[in-house]
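Engineer: here you go, sequence then predicted model.
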Amino acid sequence: MKTTQINPYLNFNGKCREAMQFYKSCLGGELTMQRVAESPMSATKTSQDSNHILHSTLVSDRIVLMGSDMIGNNLQSGNSISLCMVCFSDEEINKVFSMLAEGGNVKTPLHQTFWGATHGELTDRYGFNWVFNFSKN
């Protein structure tokens with residue numbers, strides 16, 4: 001049976017590849033990375049941005065650590081970590097997203113993505129950033 005997970009999602013200012021490779025050397029596991037240039041987003045980004053990491057995941061037996069360079073230019077201490085909720089049903093992602101959005105700020109409404117998932121982002125009423133993802137696969 002699949003269970004819902006909440007994983008840390010670290011945002012870097014162009015240092016995602018370096019940092020995630022460092023974490024892999026410390027923690028072990030399998031590291032996957034996707035550059036902006038390898039995604040449909042490449043058409044709307046500068047050549048400098050194309051080498052940035054769109055999404056990375058370090059997975060081992062007990063660890064899931066995710067990271068990206070894609071927070072924008074306003075990266076500062078405090079907004080560089082999000083909680084990523086990996087959901088396992090449409091009902092769950094819609095319910096929890098709506099509940100956490102109450103009194104908060106929806107940054108990206110739930111929508112279908114080019115990677116085949118339902119995805120959304122919000123800041124809750126206490127100022128914490130949340131990323132939601134549900135993939136039917």
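Structural biologist: All right, it came through fine.

Engineer: burial of Asn129, as a residue count?
Structural biologist: 21 (other Cβ atoms under 10 Å). Yep, even glycine has a C-beta here, placed from its N, CA and C like the rest.

Engineer: what pLDDT does the closest residue to it other than its chain neighbours get?
Structural biologist: Distances taken as Cβ to Cβ, 6 or more residues apart in numbering put Ser82 closest to Asn129, at 3.9 Å, once the chain neighbours are dropped. Model confidence at Ser82, expressed as pLDDT, equals 86.

Engineer: from Ser25, how far out is Ser82?
Structural biologist: Plainly put, Ser82 is 24 Å away from Ser25 if you go by Cβ to Cβ, to the nearest Å.

Engineer: if we can go back for a sec, the residue nearest to Asn129 should be in a helix, yeah?
Structural biologist: No. Counting by DSSP: H, G, I helix; E, B strand; the rest coil, Ser82 falls outside a helix, being strand.

Engineer: can you pull the contacts of it?
Structural biologist: Neighbour list for Ser82: Pro8, Tyr9, Asn11, Glu121, Phe128, Asn129, Trp130, Val131 [criterion: Cβ atoms under 8 Å, 6 or more residues apart in numbering].

Engineer: again, but for Gly14
Structural biologist: His52, Asp69.

Engineer: over to it: give its phi and psi.
Structural biologist: phi 80, psi 0 (degrees, to the nearest 10).
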